[in-house]
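# Starting from these lines, generate the structure:
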Amino acid sequence: MSMATITITRDTSDTVNTADVRRARRKQNLTGWLFISPIVVGVVAFQFFPILVSIVASLTDWNGISPPKFVGLKNFSEMFTDDPLFLQTFKNTVYFTLASIPLTIGIGLVLALLCARPIRGVAFFRTAYFAPYVTNVVAIGFVWFWFFQPDNGVINGLLSQLGITGPQWLSSSSWAMPAVIMVSVWQGIGYPMIILLAGLQGLPNEFFESAKIDGAGAWQRLRFITLPLLTPHFLFLLITQFISSFQVFGLIYVMTKGGPGHATSVYIYNIYQNAFSYGKVGYASAMAWILFVVIAAVTFLQWKLQKRWVFYS
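Just a heads-up that it's a prediction; the model follows:
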C-alpha cells in the first residue's frame with residue numbers, strides 16, 4: 001500500500017513538473033516574440049508586403065491610384081519590343097558599372113596599401129578617404145554639380161590655369177557620364193579601402209618573412225602573396241559593388257536628371273520616371289523584377305566562378 005502511494009505521488013509530481021516546464025517555456029517564447037515583434041512587423045510591412053505588391057503590380061496596367069487592370073506579361077514583352085529607352089538605360093547602367101567598379105576597387109586597393117603603412121598621421125588619411133562614402137549623396141551631388149559648371153566651375157577653372165579648355169561636362173552627352181563616374185569613384189573608394197585594409201592587417205607575416213628570405217622583392221610579394229590572399233575580399237567587393245552600381249540613382253538624379261538626351265539615364269532612374277512621372281507603376285514594377293533577375297544571375301555567376309580564382313588560406 002505504501003509503495004503504491006509513493007508511485008502515485010511520484011507520477012503526480014512528474015506531471016506537475018512537466019506542466020510547469022511547459023508553461024514556463026510558453027511564457028518564455030511569448031516574451032521573446034513580444035521583443036522581436038516590432039522587427040517582424042517592420043519586415044513584413046516594409047519588405048515582404050511591398051515585394052508581394054510589386055509581383056502583382058508587374059502583371060497589371062496600374063497608375064498607383066485607379067484600380068489595376070490585369071494585362072499578364074504585356075509589361076515584360078513591351079520592354080524588349082516597344083521601349084527603346086529600356087535598352088538604352090540598361091546599356092548606360094552597364095557602362096557605368098563596368099567603368100566604376102575597376103576604378104573604385106583599384107584606387108581603393110592603392111589607398112589601402114598606403115594606409116597600411118605605420119606612418120604618423122595615417123589615421124587622419126584613413127578618415128579623410130572614408131568620409132565621402134558616409135556623406136549624404138545629395139550634398140555630394142550638388143557640390144560636384146557646381147564644380148562641373150562649364151563657365152564658372154572649379155574644374156574648368158583649374159584646367160584654364162593649365163591652358164586647357166575644359167569640356168561642357170554635364171551639358172555634354174559625351175562627358176556627362178564620365179563626370180558622374182568620376183564623382184561616384186571619388187565617393188566610393190573609401191569602402192573598398194576599409195575592406196582591403198582590414199584584409200591587409202589580417203595577413204600572416206610568416207609568408208612575407210619567408211618570401212624576403214628567399215629574395216622576393218616588394219612587387220613579387222604583392223603579386224604572389226598579398227593579392228592572392230586578398231581574393232576573398234575582392235570577391236566580396238565585386239558582388240557588393242556590382243549590386244550598388246547597378247542601382248545607382250542619387251548622383252544621377254541630383255547632377256543630370258538623366259540628361260542630356262538620356263545620356264546618363266540609368267535603369268533605376270528609368271524605373272523612377274515610369275512610376276512617379278509617367279504613372280506607369282505596373283510597368284515600373286516589371287522593370288524592377290527584370291533588374292532583380294539580372295542582379296541575382298550575375299551574383300550567382302560570380303559565386304560559382306570563385307573556385308577558379310579565389311584563394312582561401
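
# which residues does the residue most central in space within the chain contact?
Relative to the mean C-alpha position of the chain, the nearest C-alpha, by CA atoms, centre = their mean, is the one of S244, at 3.1 Å. Neighbouring residues of S244 by CB atoms under 8 Å, 6 or more residues apart in numbering: G188. Backbone N, C-alpha and C define where each C-beta goes, glycine included.

# Of all the residues in the helix or strand containing it, which ones are buried?
Per DSSP states H and E: S244 is located in helix 231-246. Using 16 or more other CB atoms under 10 Å as the test for burial, helix 231-246 gives 231, 233-235, 237-239, 241-242, 244-246.

# cool, and stretch 79-91?
79, 83, 86, 88-90.

# follow-up on the earlier one: now, among the buried residues of helix 231-246, which is nearest to V138?
S244 (16.6 Å; CB to CB).

# The closest one and P192: what is the separation?
Distance, S244 to P192, using CB to CB, to the nearest Å: 11 Å.

# go on, L158?
Separation of L158 from P192 (CB to CB): 27 Å.

# more neighbours, the two?
P192 (26 against 12; other CB atoms under 10 Å).

# Excluding covalently adjacent residues, which one is nearest to that one?
Leaving aside its chain neighbours, P192 sits nearest to G108 (3.1 Å; criterion: CB to CB, 6 or more residues apart in numbering).

# mind listing what's buried in the helix or strand containing that neighbour?
Assigned by DSSP H and E, G108 belongs to helix 84-115. Within helix 84-115, the residues scored as buried using 16+ other CB under 10 Å are 86, 88-90, 92-93, 96-97, 99-101, 103-105, 107-109, 111-112, 115.

# What of stretch 115-131?
Under the neighbour-count criterion of 16+ other CB under 10 Å, stretch 115-131 has 115-116, 126, 129-130 buried.

# Likewise for stretch 280-299?
Neighbour-count burial for stretch 280-299, with 16+ other CB under 10 Å as criterion, is recorded at 280-291, 294, 298.

# next one: stretch 250-258
250-256, 258.

# can you check stretch 151-158 too?
153, 155-156.

# Would you convert these into a markdown table that also reports distance to A176 and pLDDT?
Shown next, in a markdown table, are those (distance: CB to CB, whole Å; pLDDT from 0 to 100):
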| residue | distance to A176 | pLDDT |
| --- | --- | --- |
| G153 | 14 | 94 |
| I155 | 13 | 95 |
| N156 | 14 | 95 |
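
# any idea which of those is closest to M182?
Looking across the buried residues of stretch 151-158 and measuring by CB to CB, the closest to M182 is I155, at 9.4 Å.

# which stretches of the protein form strands?
Along the chain, counting by DSSP state E, strands occupy 60-61, 69-70.

# Low-confidence stretches in the chain?
1-16, 313 (pLDDT under 70).

# so what are the domain limits for it?
2-57, 78-309 (automatic domain parsing).

# So which of these is nearest N63?
Per CB to CB, nearest to N63 of those: domain 78-309, 3.9 Å.

# Any idea how far the closest one is from the middle of the chain?
Relative to its parent chain, domain 78-309 has a centroid offset of 10 Å by CA atoms, centre = their mean, to the nearest Å.

# can you tell me the distance between the two ends of it?
Terminal residues of domain 78-309 lie 39 Å apart, using CA to CA, to the nearest Å.

# ok, G282 touching P68?
Yes: with contact defined as CB atoms under 8 Å, G282 and P68 form a contacting pair (6.6 Å).
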